[in-house]
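Asker: Model the structure of this input:
(one chain, ligands or ions: 1)
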Amino acid sequence: MSSILGSLLRAVEQRLPWRRIKADEAVELLHEPDLLGLGRLAAERRRQIVPGPQVTFVVDRNINFTNICTSGCAFCAFFRPPGHPEGYVLSTEEVLEKARETAELGGTGLMLQGGLHPGLGITYYEDLFCSLKSALPLDLHSLSPPEIAYIAGVDGLETREVLRRLQAAGLDSLPGGGAEILVDRVRSRIAPRKVEADGWLRIMREAHELGMRTTATMMFGSVESHADRVEHMLRVRDLQDETAGFRAFIPWSFQPGHTSLEPQVEPATVLDYLRTLAVARLFLDNVTNIQASWVTQGLKIGQVSLHFGANDLGSTMIEENVVAATGLRTRTNTAELVRVIEGAGFVPVQRRNDYTVVRKFDRAT
Ligand code: SF4
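Answerer: This next block holds a predicted model:
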């Protein structure tokens, strides 16, 4: 066990006030040989920040309304360039049909995300969101900072104005997609045409200032170093100190299947995933919810994650196409998530996107 882990565990056991972890200490913890000790510490911090036995999840659907994209990120197996015969754009009626089906299945939210399509301006999104909101009581947790930046470019608008208009059209919250690693040296290798790290953070700050809540993600295990992962988390922590606008942090590991990085990159190991998840819980002392990524790790590791600092198991994903394009299974259902959470010794709670409770699956009640 490293000295930093030992001193943090002693402090927690003696119920001393938590002291903020420095960046170099977090890098050291990412190499921690005592995985179970690290998990014990992260689980204890989870109990301090989110007391109680509940583990939350949401029933929702990812609708990827277009796969046409000009960005061509090296880690993406989903997109097709403009003019490609497999490119598609769903009609409003097709999206509405999927939304109706989601509501019928007990879903409470939609995550609408697509490629950076040069022909789709802000009125497309305003019309789509207005149609959905007037038809169904679903939360719209949709788009991402790169999509906001791209729409702003298509229409010659400021990103703040794009956010304001989409919020008025029904956008409830903004997912943290497109963060990858918030270090431009890494971004220039894996997503050179996407908004830079400062731009991603600026758009999140603007969303928070408009009263919109967001999440932050981190896609790790591509070409970044451990110090880059910590730099990413530091930038999220600094903005959270300023705005308190992030509802959750979701670290997920890059899946190289069918991407142009596949020959160069080995997928992150399970141990690397669990260490990174635990360090996220410890380092991000100002973010309440840490979400396990069962989609990229599988449900069994998702279950283990609940003992490594995660308090949320994401969503059932009635539909998902982006990660699925790498060859992974990305769907489950409420019964399966309930079984997984109970099997880990917790009480499953279905939540809405804003973490309000929909249903508690408590065997005792
Ligand atoms: S990750 Fe998003 S922006 Fe990048 S190529 Fe895929 S669809 Fe386009």
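Asker: Mind listing what's buried along the least confident helix or strand in the chain by mean pLDDT?
Answerer: Sorting the helices and strands of the chain by mean pLDDT, DSSP states H and E puts helix 294-305 at the bottom, at a mean of 89. Buried residues in helix 294-305, counted by 16 or more other Cβ atoms under 10 Å: 294, 295, 296, 297, 299, 301, 302, 303, 304, 305. Every residue, glycine included, has its C-beta placed from N, CA and C.
Asker: Go through those and say which is closest to residue 166.
Answerer: Among the buried residues of helix 294-305, residue 295 lies closest to residue 166 (Cβ to Cβ), at 25.5 Å.
Asker: List, one by one, the residues from the stretch 51-200 of the chain near the ligand.
Answerer: With the criterion set to Cβ under 6 Å from any ligand atom, the stretch 51-200 of the chain comes near the ligand through 69, 71, 72, 73, 76, 78, 79, 115, 116, 146, 191, 194.
Asker: re earlier: the helix or strand just after the least confident helix or strand of the chain - contacts with which helices or strands?
Answerer: Downstream of helix 294-305, the first helix or strand assigned by DSSP states H and E is strand 312-315. Other elements packing on strand 312-315 under the criterion 3 or more Cβ pairs under 8 Å, 6 or more residues apart in numbering; DSSP states H and E are strand 54-58, helix 294-305, helix 334-343.
Asker: and if we set it to 7 Å?
Answerer: The elements that strand 312-315 packs onto, with contact taken as 3 or more Cβ pairs under 7 Å, 6 or more residues apart in numbering; DSSP states H and E, are strand 54-58, helix 294-305.
Asker: Select, out of the ones you listed, the one closest to residue 161.
Answerer: Closest to residue 161 of the helices and strands packed on strand 312-315 is strand 54-58 (Cβ to Cβ; 29.3 Å).
Asker: Nearest to residue 8 among the buried residues of helix 294-305?
Answerer: Closest approach to residue 8 among the buried residues of helix 294-305 (Cβ to Cβ): residue 305, at 19.6 Å.
Asker: which residues touch the closest one?
Answerer: Applying Cβ atoms under 7 Å, 6 or more residues apart in numbering, we find residue 305 in contact with 274, 277, 292.
Asker: tell me, how many neighbours does the residue nearest to the first one when sequence neighbours are not counted end up with?
Answerer: In space, not counting the residues next to it along the chain, residue 274 is nearest to residue 308; the distance is 4.9 Å by Cβ to Cβ, 6 or more residues apart in numbering. For residue 308, the tally of surrounding residues (other Cβ atoms under 10 Å) stands at 27.
Asker: tell me which residues of the longest helix seen in the chain are tucked away?
Answerer: Criterion DSSP state H: the longest helix present in the chain is helix 226-243. The neighbour-count check on helix 226-243 (16+ other Cβ under 10 Å) flags 226, 228-237, 239-240, 243 as buried.
Asker: of all the residues you listed, which two lie farthest apart?
Answerer: The span of the buried residues of helix 226-243, defined through Cβ to Cβ, is set by 226 and 243 at 26.6 Å.
Asker: taking the contacts of residue 305 one by one, which sit in helices?
Answerer: 274, 277.
Asker: Let's have the contacts of residue 305 in TSV, adding pLDDT.
Answerer: Output for those, formatted as TSV (pLDDT from 0 to 100):
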residue	pLDDT
274	97
277	97
292	94
